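J.: Have a look; sequence and predicted model below, questions after that.
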Amino acid sequence: MRDAVIVSTARTPIGKAFRGAFNDTEAPAMGGHVVKNAVARAGIDPSRVEDCIMGAASQQGTQSYNLGRLCSVAGGLPETTAGMTMDRQCSSGLMSIATAAKGIMCNDMDVAVAGGLESISLVQNKHKNSYKAVSKTVLEISPKAYIQMIETAEVVADRYGISRDAQDEYSFQSQMRTAAAQEANAFDDEIVPMATTKAVFNRETKETTYEDVTLGKDEGNRPSTTLEGLQSLEPVFKDGHFIKQGNHITAGNASQLSDGASALVL
């Protein structure tokens, strides 16, 4: 069995969902952008790419209809490049990379592109299709099958004794590390800036306007974060069915909602 290696990688900056630079950017546009740049960085003929495998957790709207294939098309890969989309929820992108690597190791293909993306702004909104989204058959067997990630985090915190203080301290450390890395330009080599059109909503007039922007760095982190500020935030989830108490997870120590894409060449 032969080895599979990562030849190149490229990612968009991480945009804040709903209010950030990518709040009106289609998923295939972001995916195509990183696919194209990853292939260019690899220095190979795009026709050598045999499969484009992309992961996404919410495959509807802008992320539907075989996103892997759509990113392949948007990324300038030829019609001969196949496409596949994977949903492993919170590890869809990693699963896509692992699947591509296994294909290469087993001699099913020689070159592949893999990665993941989420366009939260254009998926988790009022247009989200919730019709029969919850299966009664599944709930009869497993009442916890559809609990939200916030509630899951509360379950984990209760079960393994992870205190609110420990979570706030870890979140603060993460914010400071990210700020230091940005200051040192540590992310510059992996990021490919992306020009797009941002929707701007005016809360007073209720009007939406659009502006052309180019996002060159992650915009979701908050370098001004303080530990005291994190500790002052109220819990998000309080009245769950499967937890003892909801006093751990806040907007400060939970992952944010983001838009962005990443791809690599194997």
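T.: Yep, it's here.
J.: By residue count, what's the longest helix in the protein?
T.: Longest helix in the chain, counting residues (DSSP state H): helix 164-183.
J.: Pull out the buried residues from it.
T.: In terms of neighbour count (16 or more other CB atoms under 10 Å), helix 164-183 has its buried residues at 164, 167-168, 171-172, 175, 178. C-beta coordinates here come from the backbone N, C-alpha and C atoms, glycine included.
J.: Surely Pro46 touches Val35?
T.: No - applying CB atoms under 8 Å as the test, Pro46 and Val35 come out as separate, 9.2 Å apart.
J.: Of the two, give the one with the bigger neighbour count.
T.: Legend: neighbour count by other CB atoms under 10 Å for Pro46 and Val35, higher for Val35 (34 against 19).
J.: Just to check, the more buried one is in contact with Cys52?
T.: Yes - contact criterion CB under 8 Å: Val35 and Cys52 qualify, at 6.4 Å.
J.: Mutual contacts of these two, please.
T.: Listed as contacting both Val35 and Cys52 by CB atoms under 8 Å, 6 or more residues apart in numbering are 71-72, 75, 77, 113.
J.: Out of the residues you listed, which is nearest to Pro28?
T.: Cys71 (5.6 Å; CB to CB).
J.: picking that back up, just checking, what packs against the longest helix of the chain?
T.: Applying 3 or more CB pairs under 8 Å, 6 or more residues apart in numbering; DSSP states H and E, we find helix 164-183 packed against helix 227-231.
J.: Name the residues that touch the helix it packs on?
T.: By CB under 8 Å, 6+ apart, helix 227-231 touches 165, 168-169, 171-172, 250, 252-253.
J.: quick one: the closest residue to Ser258 other than its chain neighbours and Val236, what's the gap?
T.: Residue nearest to Ser258 in three dimensions, not counting chain neighbours: Ile14, with 5.0 Å by CB to CB, 6 or more residues apart in numbering. Separation of Ile14 from Val236 (CB to CB, to the nearest Å): 21 Å.
J.: before we move on, what about Lys144?
T.: In terms of CB to CB, Lys144 sits 19 Å off from Val236.
J.: The two: who's more crowded?
T.: Legend: neighbour count by other CB under 10 Å for Lys144 and Val236, higher for Val236 (18 against 11).
J.: Wait, Ala29 touches Gly75, no?
T.: No - Ala29 is beyond contact range of Gly75, at 10.0 Å (criterion: CB under 8 Å).
J.: so what sits against both of those two?
T.: Counting by CB under 8 Å, 6+ apart, no residue touches both Ala29 and Gly75.
J.: So Gln167 sits against Asn247, correct?
T.: No - judged on CB under 8 Å, Gln167 makes no contact with Asn247 at a distance of 10.7 Å.
J.: For Gly246, give me the pLDDT.
T.: pLDDT, Gly246: 69.
J.: Same check on the one 3 residues further on?
T.: Confidence at Ile249, expressed as pLDDT, is 90.
J.: got the contact list for the closest residue to it other than its chain neighbours?
T.: Spatial nearest neighbour of Ile249, chain neighbours left out: Ala153 (4.9 Å); criterion: CB to CB, 6+ apart. By CB under 8 Å, 6+ apart, the contact set of Ala153 is 248-249, 254.
J.: Give me the angle between the worst-scoring helix or strand of the chain on mean pLDDT and helix 164-183.
T.: Lowest mean confidence among the helices and strands of the chain (mean pLDDT, DSSP states H and E): helix 149-160, at a mean of 88. Relative orientation of helix 149-160 versus helix 164-183 (axes from the mean of the first three to the mean of the last three CA atoms, to 10 degrees): 120 degrees.
J.: buried set for helix 149-160?
T.: Neighbour-count burial for helix 149-160 flags 150-155, 157-158 (criterion: 16+ other CB under 10 Å).
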